[in-house]
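> 3D model of this:
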Amino acid sequence: EQEITKIVCLLTAILELGNLEYRAFTVKHLDACDVEINESWKSVIKLLQMPSDELKEAFTSRTTYARGETIIQPVSMESGKTIRDTFAKAIYSKLFAWIISRINDET
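This next block holds a predicted model:
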């Protein structure tokens, strides 16, 4: 039953990810975006049990490592939405593979 609860939480989080809203703006002549803090965002954070600031940064920026230096750059709203969708697909894919594995283990 605990596994079913976790599966439902992940599936709900995936659906809520699709409801996230973005706001586009410009920073130093670069396209940037931000995730709107709304009920869907709060739900995703709670369901995935992730720190809000870390997930927000992951959805709105890209990190590059060069010559021992970390460079964080903003991404456009379109890129931010692509990152969000890729994240949701990855969760779904891993969850599906885990469910199939559990089914195979039971037979």
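> alpha carbons only for contacts and neighbour counts from here, please
Will do.
> just for the protein, where's the confidence low?
Nowhere does the chain drop to pLDDT under 70.
> For this protein, which segments are assigned as strands?
All strands of the chain, identified by DSSP state E, fall at 22-27, 30-35, 61-66, 69-74.
> Run through the helices of this protein in chain order.
Chain-ordered helices for the chain, with DSSP state H as the definition, fall at 2-17, 39-48, 52-60, 77-106.
> For the second one, buried residues please.
Using 16 or more other Cα atoms under 10 Å as the burial criterion, the residues of helix 39-48 that qualify are 40-41, 43-45, 47.
> Serialize the strands of the chain to CSV and add fields for distance to Glu106 and mean neighbour count.
Converted to CSV, the strands of the chain look like this (distance: least, Cα to Cα, whole Å; neighbours: other Cα atoms under 10 Å):
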stretch, distance to Glu106, mean neighbour count
strand 22-27, 42, 13
strand 30-35, 41, 18
strand 61-66, 41, 12
strand 69-74, 45, 13
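> Quick one: those as a markdown table, columns for distance to Trp98 too.
Output for these, formatted as a markdown table (distance: least, Cα to Cα, whole Å):
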| stretch | distance to Trp98 |
| --- | --- |
| strand 22-27 | 31 |
| strand 30-35 | 30 |
| strand 61-66 | 29 |
| strand 69-74 | 33 |
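> Any idea which of these gets closest to Asp53?
Relative to Asp53, the nearest member of the strands of the chain by Cα to Cα is strand 30-35, separated by 10.5 Å.
> re earlier: just the buried residues of helix 39-48 now: which is nearest Gly80?
Nearest to Gly80 among the buried residues of helix 39-48: Trp41, at 14.2 Å, using Cα to Cα.
> List the contacts of that closest one.
In this structure, Trp41 makes contact with 16-17, 20, judged by Cα atoms under 8 Å, 6 or more residues apart in numbering.
> Thanks a lot, see you next time.
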